[in-house]
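K.L.:
turn this into a model:
(chains A and B)
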There are 2 protein chains.
Amino acid sequence: MTEGRPKVVVIGCGFGGLEAVRVLSRGPVDITLLDRTNHHLFQPLLYQVATAGLSAPAVSAPIRHVLRREIRRGNLTVLQGEVTGVDVAGRHVIVAGAGPGEPADAIAYDHLIVAAGTTNSYFGHPEWAVHAPGLKTLADAFTIRARMIGAFEQAERSTDPAIRARWLTFVIIGGGPTGVEMAGTMTEIAHHTLRGEFRRIDPKSTRVVLVEGADRILGTFVPELSERAHEQLSRLGAEIRTGCRVTGIDADGVTLQRRDGDTVLTERVEARTVIWAAGVAGVPLGRALAEATGATLDRGGRLVVEPDLALPGHPEIAVVGDLAAALSYGKGEPKPVPGLSPSAKQMGRAAAANLLRRLRGEPTRPFRYVDYGSLATVGRKAAVVDLGVPGLGAVRFAGLGAWLFWLFAHIYFLIGFRNRLSVMLDWAWAYFTHERAARVVAEPARETAPSGS
Amino acid sequence: MTEGRPKVVVIGCGFGGLEAVRVLSRGPVDITLLDRTNHHLFQPLLYQVATAGLSAPAVSAPIRHVLRREIRRGNLTVLQGEVTGVDVAGRHVIVAGAGPGEPADAIAYDHLIVAAGTTNSYFGHPEWAVHAPGLKTLADAFTIRARMIGAFEQAERSTDPAIRARWLTFVIIGGGPTGVEMAGTMTEIAHHTLRGEFRRIDPKSTRVVLVEGADRILGTFVPELSERAHEQLSRLGAEIRTGCRVTGIDADGVTLQRRDGDTVLTERVEARTVIWAAGVAGVPLGRALAEATGATLDRGGRLVVEPDLALPGHPEIAVVGDLAAALSYGKGEPKPVPGLSPSAKQMGRAAAANLLRRLRGEPTRPFRYVDYGSLATVGRKAAVVDLGVPGLGAVRFAGLGAWLFWLFAHIYFLIGFRNRLSVMLDWAWAYFTHERAARVVAEPARETAPSGS
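P.N.:
Numbers count the residues shown, from 1 in each chain, chains lettered A, B, ... in the order given. Next comes the predicted model:
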């Protein structure tokens, strides 16, 4: 039934890829969606999995289930596999073999939408990765959860006060929304959730240190809201170091540097748990595409795209989401599109619409990002909200109201009714009891044979 | 406040250890509870984590949270760590170092309760373990979930019909309650949950093969209920091979042998997913204790205990739960205690009570197991129940009523109100939609530094 239709391959089922597929599935195309995993992940709540507030299935959903209606429509094939390269001249996507020893697949395309996202970037210090896990995937969240919960356990076992203090110090690097959310939640865990559960240590003696290179946290917000978030986070008990550069991370802590006029001050924070929330960069596939097409990579490893999101000279390849360095063509000068989930969704829809326009022989349209504002939560009853309300200008607020707004917005945008219900249940429970729903760490897996799955 | 009190060490926080601690915490003792993990696991529902019906936090709870009241009472210390041995003469438990390179701890005891449970046993074929994971821990459940969901993904990618059929064949070895539950659930997933979600394969063509060595499944139940379960499971679509011995397991399938009179029939089932539900054996600590105390290990690697659950000649060491080969001293001849969660709980309480009796200078009492019956579920609306109602004799039923009884009994015995609520929600949802709440597989973890957590 879909024989002979133009073949579209979509790489990645994050916000961008998912929206692109939804639009495309109504068009006269045959789509293949490729993803490394079996699930769509609701990234904005991933930090809650890391901080044991939610289970993994609460913030993710099987791709096949999310797209079951589109699959039944008959023109969408979903395949799980790792894309290892793109043969731009031959118009094939290369997917790693399904099992060990099995040959790679080559999937032909007429049009390609790349929504492969970003990975953690350590500013030229890949050796920091082992000490300071970042937060991009469910596996990352489990790693951070295991380290955080494990740190309190190790502190309780230790009899050496210095080692104990090291286990009870948590350093979060990066004062963007993820770093602020992690810092706020970890102070709450130390001060409330764990109260009365230990005998040798006092979890309240925990230090949570948030390190930011710029002179204020939440740098993408207006200074007024940064200040409010700073106040709220300090009140919760976190230590905030702004204007601080990380110069070293090892198994026992981090080294920080701060400039005070002409003086360079160095600080060493002894800590066994360090979390990286400071930077991301485009996935390696971006570099491969840049080399194959002559496209430009920006400093963040993102592909610079045309106004219609296509790669220069390659109208058959569009890049959307965090991997795209895109501009928004609204009123006035084109503005850079921020790396947020709403922008990824909008780019996914726009690229799919442009693809369908091209099939109809119509000209493509430049991408225009509609900014509905941004939110960040700091902790219990603390958040900041910055909304652009058409005709009303900016609406900014912080505190309890902002926190409730944040809660409901996140439940609203979660995928799946069951997930909404279950997150609401867990949050209501957490609100009244201070207990967190997912404070469970699986033991390391036994060694098993490579099974290809 | 608890200085000078007798020191009790409890190893393991399964059903037996948890109940022992609860009883002991009211006594004039100072307790240290050791567990490898940070959670108490509700084993009877672990197969639901493996089959993507429930998330891990739904069937487990942080030990510290479960025992928070006991901890606040001031005489309980909970420590996470792997017990590597017991110095019986010196009355010390050896716990592996908290972090890499850190020294092992020696924890002194006056009394020891060992509730360390069992591990998978492959009947002298440890090489089968990599191909046929068993189901004892959360990590095991994640492994099985990843393989099961991954198998359908690989089948959809494959273009070779033979390989595809291999991915769509699931073999479950062992026809006890776990094997039957897994087989029933997997047929339901293939026939209902995945319907319409694939384009190249028909999940309904999945084969689920349940292999049992004895001549009937659910051998601990009366033959009549075995037969009912057999019928129910066949109707759901599973293939049942009774009287079949496994003689080989490799990456591509299993080899079975069956006797038909004097003829030995050999069957090869090509399958990429094999699950081991056939046997368990006492953990290695059991063997170490046997060697140190002269106690006897039975065929299943369990420690043969005295009527009061102590090791012979070592009244200061009691063994409870699956690691104990205990007898029940009721009316008539002593009967072996089955390896079930109710018996582990009863043993935990009995051993703790005997310990407190000994402290008061009273004689200990022989253990008596009270059998409230057994349940096993087969699948949607299918289960078998065998209850011993005092004064009424055996009450046996199967089908929808048994299934509802099974559901409510399991929710009732789950620990924690929130877990009950969340499992009820997930089950109600699954009942009406055939969807499963946790069909999400985390990608393999990145390599990270050993962090000791």
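K.L.:
close to chain B: what parts of the stretch 201-350 of chain A are there?
P.N.:
Contact residues (CB under 8 Å from any CB of the partner chain) of the stretch 201-350 of chain A with chain B: A:Ala251, A:Arg272, A:Thr273. (Glycine included, C-beta is placed from N, CA and C.)
K.L.:
let me have the residues you listed in TSV, extended by pLDDT.
P.N.:
Below are those laid out as TSV (pLDDT from 0 to 100):
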residue	pLDDT
A:Ala251	94
A:Arg272	96
A:Thr273	97
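K.L.:
which stretches of the stretch 201-350 of chain A have low pLDDT?
P.N.:
Scanning the stretch 201-350 of chain A for pLDDT under 70 picks out nothing.
K.L.:
just the pLDDT for A:Ala437.
P.N.:
For A:Ala437, the pLDDT comes out at 85.
K.L.:
could you break chain A into its assigned domains?
P.N.:
A:7-120+A:281-359, A:128-278 (automatic domain parsing).
K.L.:
switch these over to a markdown table; also include mean neighbour count.
P.N.:
Output for the domains of chain A, formatted as a markdown table (neighbours: other CB atoms under 10 Å in any protein chain shown):
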| stretch | mean neighbour count |
| --- | --- |
| domain A:7-120+A:281-359 | 21 |
| domain A:128-278 | 20 |
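K.L.:
so which of the ones you listed comes closest to B:Gly301?
P.N.:
When the domains of chain A are compared by CB to CB, domain A:128-278 sits nearest B:Gly301, at 28.5 Å.
K.L.:
check the offset of that closest one from the chain's centre.
P.N.:
Distance of domain A:128-278 from the chain centroid (CA atoms, centre = their mean, to the nearest Å) equals 18 Å.
K.L.:
can you show me the helices along chain A?
P.N.:
Assigned by DSSP state H, chain A shows helices spanning A:15-24, A:46-50, A:63-66, A:68-72, A:138-157, A:161-167, A:177-188, A:223-236, A:284-293, A:341-359, A:400-413, A:417-433.
K.L.:
helices and strands around the fourth one, which ones?
P.N.:
In other words, helix A:68-72. strand A:76-80 (3 or more CB pairs under 8 Å, 6 or more residues apart in numbering or on different chains; DSSP states H and E).
K.L.:
just the angle between the strand it packs on and helix B:138-157, please?
P.N.:
Interaxial angle of strand A:76-80 relative to helix B:138-157 (axes from the mean of the first three to the mean of the last three CA atoms, to 10 degrees): 140 degrees.
K.L.:
just confirm yes or no for strand A:76-80 near chain B.
P.N.:
Yes: with CB under 8 Å from any CB as the criterion, chain B is reached by strand A:76-80 at A:Leu76, A:Thr77, A:Val78, A:Leu79, A:Gln80.
K.L.:
got JSON lines for those residues, with pLDDT too?
P.N.:
Shown next, in JSON lines, are those (pLDDT from 0 to 100):
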{"residue": "A:Leu76", "pLDDT": "97"}
{"residue": "A:Thr77", "pLDDT": "97"}
{"residue": "A:Val78", "pLDDT": "98"}
{"residue": "A:Leu79", "pLDDT": "97"}
{"residue": "A:Gln80", "pLDDT": "96"}
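K.L.:
nearest to B:Phe367, of these?
P.N.:
For the residues of strand A:76-80 next to chain B, the closest approach to B:Phe367 (CB to CB) belongs to A:Gln80, at 50.9 Å.
K.L.:
now the strands for the stretch 201-350 of chain A?
P.N.:
Listed in chain order, the strands found in the stretch 201-350 of chain A under DSSP state E, counting those that start in this stretch are A:207-211, A:239-241, A:244-250, A:253-260, A:263-270, A:273-276, A:280-282, A:303-304, A:310-311, A:314-319, A:324-325, A:327-328, A:335-336.
K.L.:
residue of the stretch 1-150 of chain A nearest chain B, please.
P.N.:
A:Gly150 (2.3 Å; CB to the nearest CB).
K.L.:
check contacts around the residue lying closest to A:Leu421 once chain neighbours are set aside.
P.N.:
Excluding its sequence neighbours, the residue lying closest to A:Leu421 (CB to CB, 6 or more residues apart in numbering or on different chains) is B:Leu425, at 6.4 Å. Applying CB atoms under 8 Å, 6 or more residues apart in numbering or on different chains to B:Leu425 gives the contacts A:Arg418, A:Leu421, A:Ser422, A:Leu425.
K.L.:
just the buried subset of those residues, please.
P.N.:
A:Arg418, A:Leu421, A:Ser422, A:Leu425 (16 or more other CB atoms under 10 Å in any protein chain shown).
K.L.:
excluding its backbone neighbours, what's nearest the first one?
P.N.:
When you say that, I think you mean A:Arg418. Distances taken as CB to CB, 6+ apart place B:Trp429 nearest to A:Arg418, at 5.0 Å, with adjacent residues excluded.
K.L.:
isn't the one you found up against A:Asn419?
P.N.:
No: contact criterion CB atoms under 8 Å: B:Trp429 and A:Asn419 do not qualify, at 10.2 Å.
K.L.:
out of the helices of chain A, which is closest to A:Thr377?
P.N.:
In terms of CB to CB, the element of the helices of chain A nearest to A:Thr377 is helix A:400-413, at 4.7 Å.
K.L.:
packing partners for that closest one?
P.N.:
Where contact means 3+ CB pairs under 8 Å, 6+ apart, helix A:400-413 is packed against strand A:374-379, strand A:382-389, helix A:417-433.
K.L.:
make CSV out of the ones you listed and add mean pLDDT and distance to B:Glu227.
P.N.:
Listed next are the helices and strands packed on helix A:400-413 as CSV, based on pLDDT from 0 to 100; distance: least, CB to CB, whole Å:
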stretch, mean pLDDT, distance to B:Glu227
strand A:374-379, 92, 57
strand A:382-389, 88, 60
helix A:417-433, 85, 37
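K.L.:
go through those and pick out the most buried.
P.N.:
strand A:374-379 (a mean of 24; mean count of other CB atoms under 10 Å in any protein chain shown).
K.L.:
run the angle between that one and helix A:400-413 for me.
P.N.:
Using the same axes, to 10 degrees: strand A:374-379 against helix A:400-413 is 110 degrees.
K.L.:
would you reformat the strands of the stretch 201-350 of chain A as TSV and include distance to B:Ile11?
P.N.:
TSV is the format used below for the strands of the stretch 201-350 of chain A (distance: least, CB to CB, whole Å):
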stretch	distance to B:Ile11
strand A:207-211	33
strand A:239-241	39
strand A:244-250	35
strand A:253-260	34
strand A:263-270	33
strand A:273-276	28
strand A:280-282	44
strand A:303-304	56
strand A:310-311	61
strand A:314-319	56
strand A:324-325	55
strand A:327-328	61
strand A:335-336	58
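K.L.:
and B:Leu233, which of these is closest to it?
P.N.:
Closest of the strands of the stretch 201-350 of chain A to B:Leu233 is strand A:273-276, at 47.0 Å (criterion: CB to CB).
K.L.:
show me what that closest one is packed up against.
P.N.:
helix A:138-157, strand A:169-173.
K.L.:
how close does the closest residue to A:Phe221 other than its chain neighbours get to chain B?
P.N.:
In space, and not counting its chain neighbours, A:Phe221 is closest to A:Asp386: 5.7 Å by CB to CB, 6+ apart. Separation of A:Asp386 from chain B (CB to the nearest CB, to the nearest Å) stands at 32 Å.
K.L.:
A:Asp386 contacts A:Leu225, correct?
P.N.:
Yes: taking contacts as CB under 8 Å, A:Asp386 lies within contact range of A:Leu225: 5.9 Å.
K.L.:
quick one, what contacts A:Ala61?
P.N.:
Contact analysis of A:Ala61 by CB under 8 Å, 6+ apart lists A:His39, A:His40, A:Phe42, A:Ile415, A:Gly416, A:Asn419, B:Val440.
K.L.:
dig out what it forms beta bridges with.
P.N.:
Applying DSSP bridges to A:Ala61 gives these bridge partners: A:His40.
K.L.:
mind pulling up the pLDDT for it?
P.N.:
Listed pLDDT for A:Ala61 reads 94.
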